[in-house]
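**Q** Here's a sequence, model it:
(chains A and B)
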2 protein chains.
Amino acid sequence: MDEVERRIHRSCTRFLSGHQPAPPHETLRALAERPESGEADQYGVGGPVAILEQRVARLLEKPAAIFFAKGMAAQLAVLKLRETEAMNPRVVIHPLSHMDCDEGGMLERVGGLQPIRLGQQRHFSRAQLHSLAERPAAVVLELPLRRAGYLLPDWDELLALAQWCRETGVPLHLDGARLWEAATHYGRAPAEIAALADSVYVSFYKGLGGIGGAAVAASAETVTALGPWRNRLGANLYAAYPMALSALDGLDRNLPRMGEFAARCAELCSRLQRIDNILLNPASPQGNACQILFRAEPADVTAAHLALAHARGVWLFNRIGPSALTDWTMAELVIGTASDHWRMDEGETWIRELNAKLRR
Amino acid sequence: MDEVERRIHRSCTRFLSGHQPAPPHETLRALAERPESGEADQYGVGGPVAILEQRVARLLEKPAAIFFAKGMAAQLAVLKLRETEAMNPRVVIHPLSHMDCDEGGMLERVGGLQPIRLGQQRHFSRAQLHSLAERPAAVVLELPLRRAGYLLPDWDELLALAQWCRETGVPLHLDGARLWEAATHYGRAPAEIAALADSVYVSFYKGLGGIGGAAVAASAETVTALGPWRNRLGANLYAAYPMALSALDGLDRNLPRMGEFAARCAELCSRLQRIDNILLNPASPQGNACQILFRAEPADVTAAHLALAHARGVWLFNRIGPSALTDWTMAELVIGTASDHWRMDEGETWIRELNAKLRR
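**A** Purely as a prediction, here's the structure:
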């Protein structure tokens, strides 16, 4: 967002997507009230960070978990570990994954890894893994795959992928930035998904609504070995308690609401399906998020979105951009606590208004 | 610190070194009161982060500054930039620098750089730079050099080093984690030191007492080019306002006190010089910190230190370890706000007590 966009965003009071924004002073005061706020961590040792690590390990039913200030570093740490163990720099990733789309080439330019890009608009399959010409040091699965419309593989497909990894002895790593949301869609506990993988990264903002930070849950041996990589990759802060406290808050407040957010997303989408010149991807959202496609150019959708925000004080989408269909533009719908502040008919009306403004 | 040490540390009420610890709830409440706490940054854009970047640029009289969640990433970003510009992976660092001693081999194992290690127990000289067999892409100078007793080059030596860089066209980067403290020793404004270098990294905890975070000040072109590296190295957080607010607080509260801290350090050291079996390195501290050497084994100093902390409720040192003299152990003395809570004669007495407990 540029300065004009940020000014309009600040002037809005209601938000279709994401969590209801709170000014820092409110968030900081709320965190100060948490029972864990009596002690600071020191470089990630002790205090709220230790409590959070234990809680994540328990929640995912893994032997241990380790906090990282940044998810990108958490995942690179896992892959560097797997590379070292296998003496093999090749890792399977999806070309639509965060790792490939949003990290500035971190895997190659920082990690020195050699990604094998597998899959197209959907998750790669067991058959595609099976037909790999070269053995990878790890397979990474992003659940859900955000840029494919927050897409999840069917549960059986997921089991098949995990089974291939187990049978071939290739470690499976889950990019579970939105694992909590995925668990809701599968109707299974996060631990049931985590059980399929050797390591799981989870994020504390996004669905949980925290200030930031991430963790990797895995075997005790893996978590111990990640320690030096956390340091080496600059993801061990002098003090991380604000992030850790907000993560604990997110686990308390937002984790139990994931089903509610998904239900609201489904209801809104079922209303949107009737509107001309709107497509949904996927047609039925898997969890609390999906893509809404408008038949217009990205620049026109962005302009109409800003005009509506300015006129109505309502901010609809945090990401608008090209879609996989040339003549259509994608806007991400993600349901969070902001949806406490509007009714379904209001949400539908706002999107209808935006759609009506578009030059086609 | 292990769990026992942390329990004893928590039970202490007075601290010889560093800043007086505050529980997170106090710190968070204080940050919520700051005038900049009305707006959050989004991935480092806007809010307190933008205000902090502008303030650092102004303070260091550089065209621009960019916030990083982690100093290690900030410095690696600068060096990756210099490597790319010069198509040369060689960088001059000191073997006693943070980069070489405390980063788990980040430069080589993450950055793929080829450090040229120059200097021994003191700063490298212009003559040593001049006699390099290979041209480096950058020269890094840590001011002060912590592991050499927070040592600074004389001002004239510093000018000569900077002059060599300017004449040869090799960019000079300052590791100014403690630049604020160094400026006090030189009796010069931070900007006068910054003017000698192409890029300056400064830290917001340490002397400033913030929660964490760092910035690099440099030309507008360099700062722009650091943006993608900040992302790629995982140092751009979803929201960094707690760190940024605490950095602003540190600039308000602690920066003006650097001279006071240095004077207290000098006074305490002049008292310690009279004690048998204690050495100071350097003999006169340069700024607010130095090493105190005890004639004993590290394990004995550590044990005596813990026993004293337990008995007296006073924690003296945050780092104890081997010194450059085989039969002596080093403890770091760093004066901060914790010194508001003891008198000079008390500080002297505590160190005398520790010294008397030692098995030699």
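
**Q** going forward, measure contacts and count neighbours with C-alpha atoms only.
**A** Noted.

**Q** Spatially, what comes nearest to A:W315 if we skip its sequence neighbours?
**A** Closest residue to A:W315 apart from its sequence neighbours, by CA to CA, 6 or more residues apart in numbering or on different chains: A:F15 at 4.7 Å.

**Q** residues near that neighbour, how many?
**A** 26 (other CA atoms under 10 Å in any protein chain shown).

**Q** for it, what are its contacts?
**A** A:V314, A:W315, A:L316, A:F317, A:A338, A:S339, A:H341 (CA atoms under 8 Å, 6 or more residues apart in numbering or on different chains).

**Q** The fifth one touches A:H19, doesn't it?
**A** Yes: A:A338 is in contact with A:H19 according to CA atoms under 8 Å; the separation is 4.6 Å.

**Q** Please enumerate the shared neighbours of these two.
**A** Joint contacts of A:A338 and A:H19 (CA under 8 Å, 6+ apart) do not exist.

**Q** Just want to know which of the two has more residues nearby.
**A** Neighbours per residue, other CA under 10 Å: of A:A338 and A:H19, the larger number sits with A:H19, 21 against 18.

**Q** Show me which residues of the stretch 101-250 of chain A sit near chain B.
**A** For the stretch 101-250 of chain A, the residues in contact with chain B (CA under 8 Å from any CA of the partner chain) are A:103-106, A:110-112, A:211-212, A:228-229, A:231-235, A:237-242.

**Q** Which ones among these map onto helices?
**A** Counting by DSSP state H, the part of those found in helices is A:P228, A:W229, A:N231, A:R232, A:Y241, A:P242.

**Q** could I get those residues as TSV with pLDDT and distance to B:I278?
**A** Shown next, in TSV, are those (pLDDT from 0 to 100; distance: CA to CA, whole Å):
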residue	pLDDT	distance to B:I278
A:P228	97	35
A:W229	97	38
A:N231	97	34
A:R232	96	35
A:Y241	98	37
A:P242	98	40
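
**Q** Which of those sits closest to chain B?
**A** A:R232 (5.1 Å; CA to the nearest CA).

**Q** Look up the pLDDT of the residue nearest to A:W315 for me, please.
**A** pLDDT for A:F15: 98.

**Q** cool, A:R360 as well?
**A** 83.

**Q** can you count the residues close to the nearest residue to it once chain neighbours are set aside?
**A** Leaving aside its sequence neighbours, A:R360 sits nearest to A:A296 (CA to CA, 6+ apart; 5.3 Å). By the criterion of other CA under 10 Å, A:A296 has 19 neighbours.

**Q** Now A:A296: phi and psi?
**A** phi -170, psi 170 (degrees, to the nearest 10).

**Q** before we move on, the earlier item: among the contacts of A:F15, which ones are buried?
**A** With burial judged by 16 or more other CA atoms under 10 Å in any protein chain shown, the buried subset of these is A:V314, A:W315, A:L316, A:F317, A:A338, A:S339.

**Q** residue boundaries of the strands in the stretch 251-360 of chain A?
**A** A:278-281, A:289-294, A:314-315, A:320-322, A:329-334 (DSSP state E, counting those that start in this stretch).

**Q** okay if I get these as CSV plus distance to B:P89 and mean pLDDT?
**A** Converted to CSV, the strands of the stretch 251-360 of chain A look like this (distance: least, CA to CA, whole Å; pLDDT from 0 to 100):
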stretch, distance to B:P89, mean pLDDT
strand A:278-281, 45, 98
strand A:289-294, 43, 98
strand A:314-315, 46, 98
strand A:320-322, 37, 96
strand A:329-334, 41, 98
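
**Q** Of these, which is nearest B:T184?
**A** The closest of the strands of the stretch 251-360 of chain A to B:T184 is strand A:314-315. By CA to CA, the value is 48.7 Å.

**Q** Starting from the closest one, tell me which strands it pairs with and how they run.
**A** Looking at strand A:314-315 with DSSP bridges, its partner strands are strand A:14-15 (parallel).

**Q** Kindly provide the distance from A:E83 to B:G112.
**A** Look at A:E83 and B:G112: by CA to CA, to the nearest Å, they are 16 Å apart.

**Q** next one: A:L107
**A** From A:L107 over to B:G112 (counting by CA to CA), the distance is 13 Å.

**Q** what does A:M344 give?
**A** Taking CA to CA, one finds A:M344 at 53 Å from B:G112.

**Q** What of A:A331?
**A** 39 Å.

**Q** Please say which of these two ends up with more neighbours.
**A** Using other CA under 10 Å as the criterion, A:A331 and B:G112 rank with A:A331 on top: 24 against 18.

**Q** Which residue comes closest to the more buried one once chain neighbours are left out?
**A** A:I320 (4.4 Å).

**Q** Check what contacts stretch A:94-110 and list those residues.
**A** Against stretch A:94-110 from outside (CA under 8 Å, 6+ apart): A:72, A:76, A:93, A:113-115, A:117-121, A:123-124, A:140-142, A:145-148, B:110-112, B:228-229, B:231-233.

**Q** Got a quick PyMOL command for the buried subset of these?
**A** The following PyMOL line selects those of those that are buried, judged by 16+ other CA under 10 Å:
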select buried, (chain A and resi 72+76+93+113+114+115+118+119+123+124+140+141+142+145+146+147+148) or (chain B and resi 110+111+112+228+229+231+232+233)
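
**Q** Show me where chain A dips below the pLDDT cut-off.
**A** For chain A, not a single residue meets the criterion pLDDT under 70.

**Q** any idea how it splits into domains?
**A** As given by automatic domain parsing, the domain ranges for chain A are A:3-19+A:256-357, A:24-250.

**Q** B:N254 is nearest to which of those domains?
**A** Closest to B:N254 of those, according to CA to CA: domain A:24-250, at 17.9 Å.

**Q** Pretty sure A:F67 sits against A:A214.
**A** Yes: counting by CA under 8 Å, A:F67 does reach A:A214; the two are 5.8 Å apart.

**Q** Which one's more surrounded, these two?
**A** Taking other CA under 10 Å, A:F67 and A:A214 do not tie; A:F67 has more neighbours (30 against 26).

**Q** what's the closest non-adjacent residue to that one?
**A** Using CA to CA, 6+ apart, the nearest residue to A:F67 is A:A215, at 4.3 Å.

**Q** Now for the residue nearest to A:R360: which residues touch it?
**A** Applying CA under 8 Å, 6+ apart, the residues near A:A296 are A:D327, A:W328, A:T329, A:L358, A:R359, A:R360.

**Q** tell me the SS of the residue nearest to A:F67?
**A** Classification of A:A215 by DSSP: H, G, I helix; E, B strand; the rest coil places it in strand.

**Q** again with the one 10 residues further on
**A** Under the three-state scheme (three-state DSSP), A:A225 adopts helix.

**Q** pretty sure A:A57 contacts A:F67?
**A** No: if you go by CA under 8 Å, A:A57 and A:F67 don't touch, sitting 10.7 Å apart.

**Q** Can you verify A:W180 is assigned to a helix?
**A** Yes: counting by three-state DSSP, one finds A:W180 located in a helix.

**Q** now it, nearest residue through space, not along the chain?
**A** A:P190 (6.3 Å).

**Q** Tell me the spacing between that neighbour and A:L174.
**A** Separation of A:P190 from A:L174 (CA to CA): 12 Å.

**Q** Over to A:V202?
**A** 9 Å.
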